[in-house]
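K.L.:
give me a 3D structure for the following:
(one chain, ligands or ions: 1)
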Amino acid sequence: MTSTTGRSADPIPVLYTRHDLANLMASGLRLFEVCGGQSDFRMINMFPYAPHLAFWQTHYGGAAFGALVVSTGGGKVMGTEGNLRFLRKLKPDVLIGMPTFMYHVLHQAAEQGLHWENLRRIVLGGEKVSDGMRLKLRHLAAELGSPNADVLGVYGFTEAKMAWAECPFPRDQAPGGYHLYPDLGVIEIIDPQSGEVVPSGHPGEIVFTPLDARGTVLLRYRTGDFIDGGLTYEPCPHCGRSVPRLVGKISRSAEVKEMRLDKLKGTLVDFNQLEHVLDDVPGVGAWQVELRKRHDDPMEVDELVLHVQKTNGADEEHLVRDLNIRVVEQTEVHPNRVVFHCAEEMRELHGVGRQLKEQKIVDHRPSDSSATAGDSRSEQNEALNGAGATDKLEVAA
Ligand SMILES: [Zn+2]
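P.N.:
This next block holds a predicted model:
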């Protein structure tokens, strides 16, 4: 059994029969193949050890693929230091894990002067993969001695009981999207308002129906995830596979939060966009967005605080100006302050080693005024991609 997570809603169990485990191996095998795995690669699975799809998909995929895969259990099981010990010892060709945790581990490895020339792939699941994050991870890999490492994204959600990967692609081109398994499930893209299926290549909400599942089976499961490039049936420009692919950026409706910037009415802020903005700002390493009440007074207005770890040598004044401009452009909300932190403080804020998933957006507003939007958001993402939005369990049509 795996499950969706969330304090605000009861976790929904997703059950696997032996047949489903065979499918989990089949999808895992394909995932490793799409990522260009080789049987002589050494791999480290840094997903948190938990009843979540990401960990088990990687475990079963590795078993089916037949390569050396060491599962560290992520930061909560052995900390960044424990994961680094494995890196030093194993010098893996492939690292698999969540983007923010990956960033912290590689940043610390670079700080410690680790030299490691054979890193070929960084495979990311559990959170969105922004262009900025790809770039940062490539820079860190280069610093470690592996300038050609591919950074690949994986998309999946608890209810699908499988995940789909990008194939390696040239740096100057766009990723080929998530390669689907049409014999194991049907993905549809719908207009979220009408529920109608949109033509291929059109944006919309991702809806999933498994074709060969037992145990827990959901029909036309609405993920609450939106993809801006939709579904394509053209052969992949990079690997030539002819399976359908999900292309473009994925965003989640759960990441739109209400903020009260004056005492009268709420403003809806799309944190999907804010995440992309923050990942893409030059000079910003890791970051955290904090929502709080002014003076911690529940009757007061909401505040948005940006916690930022600078990359080497960035000028603080310039960075604050840049951040203010970009955040206002995308969200129409002015950050109340920007607070700078060192890498260690940032790891502490993110809860590396304490949380299953790093806390990139935290909501410290009292729960009576803001519901539990912040909690549910961060917890949902503990599943492979966070689409375990239990309140969205509904049939599309
Ligand atoms: Zn491809």
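
K.L.:
Arg321: how many residues sit nearby?
P.N.:
12 (other C-beta atoms under 10 Å). Backbone N, C-alpha and C define where each C-beta goes, glycine included.

K.L.:
now it: which helix or strand?
P.N.:
helix 316-331 (DSSP states H and E).

K.L.:
relative to the helix or strand just after that helix, what are the paired strands and their orientations?
P.N.:
On the C-terminal side of helix 316-331, the closest following helix or strand by DSSP H and E is strand 337-341. Sheet pairing of strand 337-341 (DSSP bridges) gives strand 302-310 (parallel).

K.L.:
now what about the strand it pairs with, what contacts it?
P.N.:
By C-beta atoms under 8 Å, 6 or more residues apart in numbering, the surrounding residues in contact with strand 302-310 are 259-261, 278, 283-294, 316, 319, 323, 327, 333-343, 345-346, 349, 365, 370.

K.L.:
low-confidence stretches in this protein?
P.N.:
Along the chain, the parts satisfying pLDDT under 70 run over 6-9, 254-255, 262-265, 368-397.

K.L.:
and with 80 instead?
P.N.:
Residue ranges of the chain with pLDDT under 80: 5-10, 253-267, 312, 356, 367-397.

K.L.:
for it, which residues are neighbours of the ion?
P.N.:
Neighbours of the ion within the chain, by C-beta under 5 Å from the ion: 167, 176, 236, 238-239.

K.L.:
format the residues you listed as a markdown table; extra columns: neighbour count, secondary structure and distance to Leu68.
P.N.:
Below are the residues of the chain next to the ion laid out as a markdown table (neighbours: other C-beta atoms under 10 Å; DSSP: H, G, I helix; E, B strand; the rest coil; distance: C-beta to C-beta, whole Å):
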| residue | neighbour count | secondary structure | distance to Leu68 |
| --- | --- | --- | --- |
| Cys167 | 22 | coil | 22 |
| Gly176 | 24 | coil | 27 |
| Cys236 | 20 | coil | 28 |
| His238 | 17 | coil | 26 |
| Cys239 | 17 | coil | 24 |
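
K.L.:
which single one of those residues is nearest to Leu356?
P.N.:
Nearest to Leu356 among the residues of the chain next to the ion: Cys167, at 28.2 Å, using C-beta to C-beta.

K.L.:
show me the contacts for the nearest residue to the closest one once chain neighbours are set aside.
P.N.:
Distances taken as C-beta to C-beta, 6 or more residues apart in numbering place Cys239 nearest to Cys167, at 4.1 Å, with adjacent residues excluded. The contact partners of Cys239, by C-beta under 8 Å, 6+ apart, come to 34, 167-168, 176, 179.

K.L.:
what does the helix holding Arg321 rub up against?
P.N.:
By C-beta under 8 Å, 6+ apart, helix 316-331 touches 269-270, 273-274, 276-278, 281-284, 306, 308, 310, 333-335, 338, 340.

K.L.:
again, only this time at 6 Å
P.N.:
Helix 316-331 is contacted from outside by 269, 273-274, 277, 283, 334-335, 338, using C-beta atoms under 6 Å, 6 or more residues apart in numbering.

K.L.:
all helices for this structure, in order.
P.N.:
18-34, 53-65, 74-90, 99-111, 131-143, 271-280, 316-331, 343-350, 367-370, 373-380 (DSSP state H).

K.L.:
what's the closest of those to Val301?
P.N.:
helix 367-370 (10.5 Å).

K.L.:
excluding its backbone neighbours, what's nearest Tyr178?
P.N.:
Using C-beta to C-beta, 6+ apart and skipping residues adjacent in sequence, the residue nearest Tyr178 is Trp164, 3.9 Å away.

K.L.:
ditto for Glu33
P.N.:
Going by C-beta to C-beta, 6+ apart, Glu33 has Phe65 as its nearest residue, at 7.5 Å.

K.L.:
the one you found: neighbour count?
P.N.:
21.

K.L.:
the ion versus the nearest residue in space to Met78 that is not next to it in sequence, what's the distance?
P.N.:
Computed as C-beta to C-beta, 6+ apart, the closest residue to Met78 that is not its neighbour in sequence is Thr72, at 5.7 Å. From Thr72 over to the ion the distance is 28 Å, taken as C-beta to the ion, to the nearest Å.

K.L.:
can you check Glu117 too?
P.N.:
In terms of C-beta to the ion, Glu117 sits 26 Å off from the ion.

K.L.:
which residues touch that residue?
P.N.:
By C-beta under 6 Å, 6+ apart, Glu117 lies in contact with 145-146.

K.L.:
quick one: contacts for the closest residue to the ion within the stretch 51-200 of the chain?
P.N.:
In the stretch 51-200 of the chain, the residue that lies nearest the ion is Cys167 (3.2 Å; C-beta to the ion). Contact analysis of Cys167 by C-beta under 6 Å, 6+ apart lists 34, 176, 238-239.

K.L.:
ok, which pair from those is furthest apart?
P.N.:
Val34 and His238 (10.2 Å).

K.L.:
I'd like to know how many residues surround Thr223.
P.N.:
Thr223 - counted by other C-beta under 10 Å - has 24 other residues nearby.
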